[in-house]
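*Asks:* Just the structure for this:
(chains A and B)
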Protein chains: 2
Amino acid sequence: MSIQNQQTKLNIGLFGFGVVGEGLYKVLEQTPTLNAQIKKVCIKHPEKKRNAPPELFTIDPDLLLQDEEINVIVELIDDSEAAYYIVSTALKNKKAVVSANKKLIAEHLEELISLQQHFQTPFLYESAACASIPVIRNLEEYYDNDLLHGISGIVNGSTNYILTKVSEENISFEDALVQAQIEGFAESNPALDIEGTDAVNKLTILLAHAYGIVTPPQDIVHTGIQNLHAGDAVFAREKGYEIKLIAQARKLDNGKIAAFVLPQFVHKDSQLYNVRNEYNGVIIESSLADKQFFYGKGAGSFPTASAVLSDLSALRYNYRYEYKKLLYQKPSQLTNDFFLRVYVSFDGLFHVPHEKFERIEEWSSSDKRCHVTGIIRFSRLLDASWWKRKNTSLVVYPDAFVDKVALKQDVEENVLSLV
Amino acid sequence: MSIQNQQTKLNIGLFGFGVVGEGLYKVLEQTPTLNAQIKKVCIKHPEKKRNAPPELFTIDPDLLLQDEEINVIVELIDDSEAAYYIVSTALKNKKAVVSANKKLIAEHLEELISLQQHFQTPFLYESAACASIPVIRNLEEYYDNDLLHGISGIVNGSTNYILTKVSEENISFEDALVQAQIEGFAESNPALDIEGTDAVNKLTILLAHAYGIVTPPQDIVHTGIQNLHAGDAVFAREKGYEIKLIAQARKLDNGKIAAFVLPQFVHKDSQLYNVRNEYNGVIIESSLADKQFFYGKGAGSFPTASAVLSDLSALRYNYRYEYKKLLYQKPSQLTNDFFLRVYVSFDGLFHVPHEKFERIEEWSSSDKRCHVTGIIRFSRLLDASWWKRKNTSLVVYPDAFVDKVALKQDVEENVLSLV
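*Replies:* Down below sits the predicted model:
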């Protein structure tokens, strides 16, 4: 009846030997106490010089995937299609897997969960959401479904770096993007970051662990910072806000879950206000722990290696994600049936259709730029053709959720101020 | 060779049925998926009305400690001596233990670690340091000894509540303490909090998991906020600082560890600056993850219950602390041989001996209050008779560690400005 522990010795097959992979190799070499060693590394470019013995390397994935002595596959490659083959084959061969590939995981989550269950094999990916911040593990272990009010966070470092520069140095979004690229905080093709794809991939992963919701990332309303306008930054500054790209999921009064990635005005009382440059930050609100905030580097080789190491450490005591919110209880449901207070700005030449709003609270126009503040039915955003078009930007207000009952009353009392 | 998981069913014997204990009972009742149930509850006052079936309760500890069906003891009582009997007996009987009792753990840590090792039985106490903030688990799993530069944090909610009130409402320390007691954030006998005992107990626990250092709390230089003076708050405000009570441990260049609990000026760029009221916050700095920050409620029934639940959840997959920094490597050593930049203020009537300082950088005196800023050899603080006496307060500067070599050079060049 007593509880004992037996540590598993980890014999690792590593895919990819970039900065994270090489860093991991070095740390494991220097830390025998981790009881983990890399047996073989599969690489794509054998001609490159590597800082490790040549006999460690191969270009044949099967040498790792079919090796019965290897009990853990660590997947650290760029190509998400190849990564899918590696991860799924490893799980089928009953090898534990650690991956940092958020795109792979978000896009194949349902199938990857099935594989874990079917083959009773752990698949850990703490580094895939906010890298060094242990948010997945904490959501798995700390918050029961019924107790979790919401999660909201800055989960993409590149866009946060750009927003910080715009705010603090008063430069244009375009100049800030160039600066981010020079500093190495944005890819040369930054679309994945800038347009919110990376953030929605991470939200997809967090939704599974927070609420047991598994949904394709493209079904979640999201955008990035690509359409933000200099005037929006001025507006935010005047009101004492910072604009941040926020990924969030929130349990509504009816028990359903609202989830989206949108730019948001953040008030200085929020912990997210102070998340600057390439850092990430996540607020978790729950009945028991109240409000918690986790902050750290969300990308980069060392923070990623740190999270991979922690997954390996967890495998040593046979840890695995349970997805209990998905499997054991009535799973939560996503909904688009709620109301948000938003700000929309657009060039004078264009018009945001008034009929999209339930109520318009503020309106300002000039030759150069117009903006509207109002209450919008969230489902209107499913049609992105109007609010995601070039020269139109949408920013969510702080405490943006508007109570439907109160709104309805207003409408019935004819105080709806549609212009 | 594959890694599998077998969940252990938890059959719990609970000691204490206060707000945390009762909350835990309810959550477990409502959450069958946790695969944990409370079999028996040992209480001290059987005459009290309880919101649970009477047959659940007993006043006989042995009914729990000797019950072979019970595999987990959860200890949530006030009395740290009784708690010691319960915890040590349970471990000897090979029952896993979860406790929230920081005083018990800090004062008996060495022995409790031995018991865990000898009987190969897990003892988890996430709630004992910063309650809802998963700092122990993260230190255990995320940071190898060599990679951890330092940890510093606000670990006591009562004192932070008082400091926030003094700063934001410009009231005296005495009035703020009364307000904290009314609001329930300070005990009626607040000495444990106010004098830094609670904070140093928590630092003792964190030192073991961060650096493998096990030392009695009374051997760590510490104080609280009992001697802070209204003039110190004014000084801090003028410089743009907040005064916070900071527990910290830092790896010095020679590999040894500096550790203390002292009031500190915190600059607004620090994440700790924004930790207000009863919240706790901990910054962890490491090579890989860089700077991480964890924030949440550090006390109270629900945050404590949340951490106890997470420990129970961890026991289900046979998790245990490994204390690997203590056991497997050359353990780190504490040192008092370093220099700090500090501010000391005192009543005009008293005199801070100049000879305590290596260098005095600033000096101000008036009829009411004098203060000195200077570099001090930390070992001078081992004699607390001068700096801890009533009417004398000591506050550490931000980035307070002073390089010994640079200081020595100054001295040799006779620029030492001892007055």
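
*Asks:* what domains does the record give for chain A?
*Replies:* For chain A, the structural domains run A:10-124, A:144-297, A:339-412, going by automatic domain parsing.

*Asks:* The residue lying closest to A:S127 once chain neighbours are set aside: how many residues sit nearby?
*Replies:* The shortest distance from A:S127 to any non-neighbouring residue, by Cβ to Cβ, 6 or more residues apart in numbering or on different chains, is to A:A307 (3.4 Å). Where you see a C-beta, it was placed from the backbone N, CA and C, and this is true even at glycine. A:A307 is flanked by 32 other residues according to other Cβ atoms under 10 Å in any protein chain shown.

*Asks:* got it, and the one 10 residues further on?
*Replies:* When counting by other Cβ under 10 Å, one arrives at 19 neighbours for A:Y317.

*Asks:* Relative to A:N35, how far out is it?
*Replies:* Separation of A:Y317 from A:N35 (Cβ to Cβ, to the nearest Å): 11 Å.

*Asks:* can you map out the helices along chain A?
*Replies:* With DSSP state H as the criterion, chain A has helices at A:19-30, A:61-65, A:80-92, A:102-107, A:109-119, A:135-142, A:157-169, A:173-183, A:191-194, A:197-211, A:230-239, A:301-316, A:324-327, A:404-412.

*Asks:* Contacts only, for A:I73.
*Replies:* Contact analysis of A:I73 by Cβ atoms under 8 Å, 6 or more residues apart in numbering or on different chains lists A:12-15, A:64-65, A:86-87, A:90, A:95-98.

*Asks:* cool, and A:V261?
*Replies:* Counting by Cβ under 8 Å, 6+ apart, A:V261 has contacts A:196, A:199-200, A:203, A:220-224, A:245-248.

*Asks:* Apply 10 Å and report the result again.
*Replies:* A:155-156, A:196-204, A:217, A:220-224, A:245-248 (Cβ atoms under 10 Å, 6 or more residues apart in numbering or on different chains).

*Asks:* what do you get for A:L326?
*Replies:* A:110, A:113, A:117, A:145, A:207-209, A:211-214, A:332.

*Asks:* Using ChimeraX, define a selection of the buried residues within these.
*Replies:* Command for ChimeraX that selects the buried part of these, burial taken from 16 or more other Cβ atoms under 10 Å in any protein chain shown:
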select /A:113,145,207,208,209,211,212,213,214,332
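
*Asks:* ok, A:Y397 - contacts?
*Replies:* A:239, A:241, A:264-267, A:340-343, A:361, A:373, A:375 are the contacts of A:Y397 under Cβ under 10 Å, 6+ apart.

*Asks:* try it again with 8 Å
*Replies:* By Cβ under 8 Å, 6+ apart, the neighbours of A:Y397 are A:264-265, A:340-343, A:373.

*Asks:* Same question for A:G16.
*Replies:* So A:G16 contacts A:41-43, A:75-78 (Cβ under 8 Å, 6+ apart).

*Asks:* Turn those residues into TSV, including distance to B:V402, pLDDT and neighbour count.
*Replies:* Shown next, in TSV, are those (distance: Cβ to Cβ, whole Å; pLDDT from 0 to 100; neighbours: other Cβ atoms under 10 Å in any protein chain shown):
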residue	distance to B:V402	pLDDT	neighbour count
A:V41	45	97	23
A:C42	49	97	22
A:I43	47	96	19
A:E75	46	97	26
A:L76	41	94	26
A:I77	46	93	21
A:D78	45	85	11
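
*Asks:* which one among these gets closest to chain B?
*Replies:* A:L76 (14.5 Å; Cβ to the nearest Cβ).

*Asks:* Tell me the spacing between the closest one and A:P46.
*Replies:* The separation that A:L76 has from A:P46, given Cβ to Cβ, amounts to 17 Å.

*Asks:* before we move on, back to that, give me the pLDDT for the residue nearest to A:S127.
*Replies:* Model confidence at A:A307, given as pLDDT, is 87.
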